[in-house]
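In: The following comprises the amino acid sequence and a computationally predicted model.
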Amino acid sequence: MNPEAQKSLEKRKKCPACSREFTGTLVVCKHDGTLLIPIKEDLMIGTTLADKYRIESEIGRGGMSVVYKGRHELMDRMVAIKMLQAQLVNDQTSIKRFKQEAKAASCLTHTNVITVYDCDVSPGGQPYLVMDYLVGESLADIIKRENHVEEMRALNIFIQACDALEHAHLKGVLHRDLKSSNIMLVDFEGKTDVVKVVDFGIAKLMPNSGKQSQNLTQTGEIFGSPIYMSPEQCLGSHLDARSDIYSMGAMLYESLMGMPPLMGDTIIDTMQMHVSTVPASFADMRHDLNIHPQFEAVVFKALEKKPEDRYASMEQFRDALAHVARTIEMDKFEPRPVRDMSTMQPRSTKQNMTPQRNTNAGALPKPQISSISASQKIDNGASKAAPVMNTPMGSISRVSQTGMKAAYSPNSKANDPSRINKSKLGDLKNAENKASKSKLLIGAGIMIALALILAIGLAIWIANRHVPT
């Protein structure tokens with residue numbers, strides 16, 4: 001770096017609160033008054049690792065590592081290089097965690113999981129991973145920009161994410177740090193919203209992974225992002241695949257509502273809420289949205305406090321989401337009613353801490369189909385509640401007699417096209433009786449007329465026979 005560039009770099013300062021950069025003699029941020037931090041030179045930029053990966057710029061930085069944009073010089077291919085921060089090279093626990101991430105990532109080969117190509121140590125003793133360079137945005141960015149994610153788009157994203165995590169679990173890898181910023185969405189081969197699950201930095205290797213796991217946590221030690229952590233994770237208890245399922249449910253709730261299911265004033269408050277507080281229903285959280293009731297039931301089953309009450313695997317969770325997607329597609333032929341906003345009470349600006357809600361929202365009740373005539377119609381603008389259908393995945397709005405009901409009860413007599421309404425059948429019988437009587441009267445008249453003709457003819461014949469000659 002030339003002296004002028006170095007001098008310019010030394011003058012640059014950054015606000016840790018708003019991330020704005022400044023030059024000159026400013027000491028505090030002009031926008032929020034936060035003390036500015038000088039931007040130091042990053043000695044890694046412009047260097048080449050292992051004689052093949054040239055580091056071009058910094059992408060992001062976390063508590064343990066920094067991610068660079070790099071280029072494989074021989075293949076002329078863009079890559080992402082995740083490197084342990086220089087101040088942690090003497091911290092054996094940090095080094096072991098970094099190596100464990102490399103082991104966890106090396107187990108996984110899935111379309112929806114970021115691919116790790118290489119792992120090595122820099123000349124300065126910093127271990128690094130070489131991964132896919134992803135061009136896209138995170139789910140967190142989309143939620144922040146759009147306020148929420150539309151139903152079918154959310155289903156598409158989370159079905160892919162469930163596929164990725166099901167693969168990880170089968171390979172013996174628990175993510176333990178699922179959050180919306182770790183779900184990247186990219187364009188690939190003409191498809192949009194292709195999911196890439198990233199950051200296995202605190203992943204846990206299970207015995208079925210075939211890898212030797214480092215014992216890096218003590219009993220009761222807590223790792224993860226509090227907004228998405230399962231109750232057992234908040235308590236420092238034993239974790240399995242169902243903990244990741246809870247975190248996925250929290251992300252899905254956040255995606256649909258635009259805000260996390262539970263969030264207190266402090267980290268401890270939030271963790272306590274995950275242990276004991278049921279999230280507010282979708283209707284209480286967002287009056288302006290009309291999320292399918294069946295979708296809500298699936299989300300709340302994933303958010304059950306007890307692991308045994310959630311889905312047993314990511315495969316079950318994915319199948320439930322796929323079922324919701326099919327149901328919503330079928331509902332397009334007869335849209336479900338929109339809530340009457342005039343009859344709703346405004347929600348408090350404060351988070352509902354103790355909502356009155358059925359905690360068995362995700363339970364699997366026996367299917368019960370409410371009765372409704374085929375001639376009845378659902379008025380989207382009416383305040384009257386629409387008939388509903390209770391299915392194994394929750395309650396969903398009633399659709400056409402030969403549509404949704406056929407999907408759940410294919411052998412039902414209601415689906416028989418020959419079935420006729422009783423009142424109409426009575427009218428038909430009356431009409432048939434009248435027709436029969438008319439036919440009988442006509443027939444009788446004809447018979448009488450024929451009898452008269454025969455009688456007259458016979459009388460004429462007899463009269464002619466006795467005439468004298």
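Out: It's in.
In: average pLDDT across the helix or strand hosting Ala80?
Out: For Ala80, the host element (DSSP states H and E) is strand 77-84. In this model, strand 77-84 carries a mean pLDDT of 95.
In: Next SSE downstream of it?
Out: Next element after strand 77-84 (DSSP H and E): helix 92-106.
In: So which elements touch that following helix?
Out: Applying 3 or more C-beta pairs under 8 Å, 6 or more residues apart in numbering; DSSP states H and E, one finds that helix 92-106 contacts strand 77-84, strand 116-121, strand 127-132, strand 204-205. Quick note: C-beta positions are derived from backbone N, CA and C, even for glycine.
In: Output these in CSV; the columns should cover mean neighbour count.
Out: Output for the helices and strands packed on helix 92-106, formatted as CSV (neighbours: other C-beta atoms under 10 Å):
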stretch, mean neighbour count
strand 77-84, 21
strand 116-121, 16
strand 127-132, 22
strand 204-205, 20
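In: Of those, which is nearest Arg318?
Out: Arg318 lies closest to strand 204-205 among the helices and strands packed on helix 92-106, at 21.2 Å (C-beta to C-beta).
In: Which secondary structure elements does the helix or strand that the closest one is followed by sit against?
Out: Downstream of strand 204-205, the first helix or strand assigned by DSSP H and E is helix 231-234. Judged by 3+ C-beta pairs under 8 Å, 6+ apart, helix 231-234 is in contact with helix 241-257, helix 267-276.
In: can you redo the helices and strands packed on helix 92-106 as a markdown table with distance to Val195?
Out: Shown next, in a markdown table, are the helices and strands packed on helix 92-106 (distance: least, C-beta to C-beta, whole Å):
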| stretch | distance to Val195 |
| --- | --- |
| strand 77-84 | 17 |
| strand 116-121 | 17 |
| strand 127-132 | 13 |
| strand 204-205 | 21 |
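In: Quickly run through the sheet partners of the strand holding Ala80, with directions.
Out: strand 65-72 (antiparallel), strand 127-132 (antiparallel) (DSSP bridges).
In: Check which helices and strands whichever strand or helix holds Glu56 is in contact with.
Out: Assigned by DSSP H and E, Glu56 belongs to strand 53-61. In terms of contacts (3+ C-beta pairs under 8 Å, 6+ apart), strand 53-61 is packed against strand 48-49, strand 65-72, strand 77-84.
In: try it again with 10 Å
Out: On a contact count with 3 or more C-beta pairs under 10 Å, 6 or more residues apart in numbering; DSSP states H and E, strand 53-61 meets strand 48-49, strand 65-72, strand 77-84, strand 116-121, strand 127-132.
In: residue ranges with poor pLDDT in the protein?
Out: Where the chain drops to pLDDT under 70, the residues are 1-11, 40-41, 208-223, 334-436, 465-469.
In: mind giving me the domain ranges of it?
Out: Here the domain parsing of the chain from automatic domain parsing is 1-41, 43-133, 138-213+221-340+361-370+385-415, 423-469.
In: taking the ones you listed together, which one is wrapped up most tightly?
Out: domain 138-213+221-340+361-370+385-415 (a mean of 18; mean count of other C-beta atoms under 10 Å).
In: Please report how far the closest residue to Gly264 other than its chain neighbours lies from Met229.
Out: Leaving out its chain neighbours, the residue that sits closest to Gly264 by C-beta to C-beta, 6 or more residues apart in numbering is Thr270, at 4.4 Å. Thr270 is 8 Å from Met229, where distance means C-beta to C-beta, to the nearest Å.
In: any common contacting residues for the two?
Out: Leu262 (C-beta atoms under 10 Å, 6 or more residues apart in numbering).
In: follow-up on the earlier one: closest one to Phe300 among the helices and strands packed on helix 231-234?
Out: helix 241-257 (7.7 Å).
In: what helices or strands is the closest one leaning on?
Out: helix 139-146, helix 151-170, strand 173-174, strand 183-188, helix 231-234, helix 282-285, helix 293-302, helix 314-331.
In: what do you get if the cut-off is 6 Å, keeping everything else the same?
Out: Under the contact criterion of 3 or more C-beta pairs under 6 Å, 6 or more residues apart in numbering; DSSP states H and E, helix 241-257 touches helix 151-170, helix 293-302.
In: contacting residues around it?
Out: 149, 154, 158, 165, 169, 175, 178, 180, 228, 230, 232-233, 260-261, 285-286, 291, 299, 302-303, 307, 310-311, 317 (C-beta atoms under 6 Å, 6 or more residues apart in numbering).
In: Figure out how far that helix is from the centre of its chain.
Out: Averaging C-alpha positions (C-alpha atoms, centre = their mean, to the nearest Å) puts helix 241-257 8 Å from its chain's average.
In: go on, stretch 307-314?
Out: 16 Å.
In: CA atoms only: put that stretch into CSV for me.
Out: Taking Å, rounded to 0.1, in the frame of the first residue of the first chain, the C-alpha atoms of stretch 307-314 are listed here in CSV:
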residue,chain,number,x,y,z
PRO,A,307,-39.5,-31.3,22.3
GLU,A,308,-41.8,-34.4,22.3
ASP,A,309,-44.7,-32.2,21.3
ARG,A,310,-43.0,-30.9,18.2
TYR,A,311,-42.3,-32.7,14.9
ALA,A,312,-40.1,-35.6,15.4
SER,A,313,-37.8,-34.8,12.4
MET,A,314,-37.2,-32.1,9.8
